[in-house]
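K.L.:
Predicted model and sequence below, questions to follow.
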Amino acid sequence: MDEPDRWRHMASAPRDGSRVLVTVRSAEQGPAEVDVAYWSHGDRFGAEGWRASDSAPGCVIEYAEPELKCWMPMPSANLSRARERSPWEGDDAQQLDGSGI
């Protein structure tokens with residue numbers, strides 16, 4: 001990936017089970033936030049879809065496709081470049097090549 005620190009449209013997110021950073025859209029439950037998610041092909045715990053389990057230990061969260069705005073690869077372990085990521089706050093249609101629907 002040539003630009004690892006760039007948010008990308010969810011349509012291009014890997015669906016191989018690898019963990020990525022995602023921007024969860026703001027909703028009635030709260031403001032936009034960043035979470036670690038992965039694509040699950042479905043199992044006894046739930047259907048195929050996006051899941052997160054790193055942010056709430058002991059709890060698997062399932063995200064519906066429209067809840068996720070964009071994704072970014074996990075940062076490297078290079079501590080000199082480590083920084084907290086902020087959720088994407090830009091305009092979806094212009095910056096992410098699609099409506100997210």
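P.N.:
Cool, the structure landed.

K.L.:
all strands of the protein, in order?
P.N.:
Applying DSSP state E to the chain gives strands spanning 8-9, 20-24, 33-40, 49-52, 61-63, 68-73.

K.L.:
Determine which of those strands approaches residue 86 most closely.
P.N.:
Closest approach to residue 86 among these (C-beta to C-beta): strand 33-40, 7.1 Å. For glycine as for every other residue, the C-beta is placed from the backbone atoms N, C-alpha and C.

K.L.:
Find the residue at the geometric middle of the chain.
P.N.:
For the chain, residue 22 is the residue whose C-alpha lies nearest the centre (C-alpha atoms, centre = their mean; 1.6 Å).

K.L.:
Quickly list what that one is bridged to.
P.N.:
Beta-bridge partners recorded for residue 22 (DSSP bridges): residue 35, residue 71.

K.L.:
got it, and residue 27?
P.N.:
Beta-bridge partners of residue 27, as defined by DSSP bridges: residue 30.

K.L.:
Double-check it against residue 67; I have them as touching.
P.N.:
Yes: the criterion here is C-beta atoms under 8 Å, and residue 27 meets it with residue 67 at 7.5 Å.

K.L.:
Comparing these two, which shows the higher neighbour count?
P.N.:
residue 67 (17 against 9; other C-beta atoms under 10 Å).

K.L.:
No further queries at this time; thank you.
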